[in-house]
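structure, please.
(one chain, ligands or ions: 1)
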Amino acid sequence: MAKLNAKNLTIGENVIGVGTTHVAIDVLELNRKQTNKGVNYINEKGDIKLATINWNGGCARGFPKFIPLYKEKNGLINEGKIGNAKSILTSMKNTLDIEIEVLKENPKFFLCDNPACYSCRVSWEHSEKKQIKFIFNWLKINFKGLSYSRFKNFYKVIYKKQKK
Ligand SMILES: [Zn+2]
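Down below sits the predicted model:
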């Protein structure tokens with residue numbers, strides 16, 4: 001689509017992405033340590049099949065970080081409203097070029113800022129690889145009232161059980 005100079009119309013403020021970020025991620029061979037294994041489904045013959053994702057995708061919360069760059073570097077053709085929905089029209093060639101340029105310099109650019117995001121904090125080969133910190137942040141967000149000292153004690157108990 002980028003080679004054909006296609007345009008992408010995004011309608012709605014909470015619609016994420018311009019259709020090229022995952023391509024930039026693949027072009028630069030930014031890989032995941034643990035990819036999504038997929039989802040089982042029943043096909044028309046009644047057989048259970050596994051639908052797998054054959055591309056790297058990414059966390060949708062990080063992709064909007066590119067939007068100011070699309071505006072600054074000619075990726076954005078126009079923006080306005082369609083009905084009541086905020087909308088943007090982008091050049092897929094230009095957004096892909098911008099994403100490749102930015103991710104070459106900083107492969108972590110598309111990662112979101114959520115300390116408890118599994119995709120961004122753990123799943124990529126270039127994630128920060130601080131799994132204990134990630135687990136703590138995930139627990140802290142999902143179990144209110146958890147302190148670091150309680151977590152450390154909890155972790156020690158789990159770790160000792162695994163060693164036995
Ligand atoms: Zn994320």
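
give the next helix or strand downstream of the helix or strand containing residue 89.
For residue 89, the host element (DSSP states H and E) is strand 85-91. Next helix or strand after strand 85-91 toward the C-terminus (DSSP H and E): helix 92-105.

returning to what we had before: tell me the angle of the strand holding residue 89 relative to helix 92-105?
Using axes from the mean of the first three to the mean of the last three Cα atoms, to 10 degrees, the direction of strand 85-91 lies 80 degrees away from that of helix 92-105.

which elements pack onto strand 85-91?
Where contact means 3 or more Cβ pairs under 8 Å, 6 or more residues apart in numbering; DSSP states H and E, strand 85-91 is packed against strand 7-11, helix 67-72, strand 76-82. C-beta here means a position set from N, CA and C on the backbone, and glycine is covered the same way.

mind checking which residue lies nearest the centre of the chain?
residue 59 (1.6 Å; Cα atoms, centre = their mean).

quick check: the gap between the nearest residue to it once chain neighbours are set aside and residue 153.
Closest residue to residue 59 apart from its sequence neighbours, by Cβ to Cβ, 6 or more residues apart in numbering: residue 119 at 4.2 Å. Plainly put, residue 119 is 29 Å away from residue 153 if you go by Cβ to Cβ, to the nearest Å.
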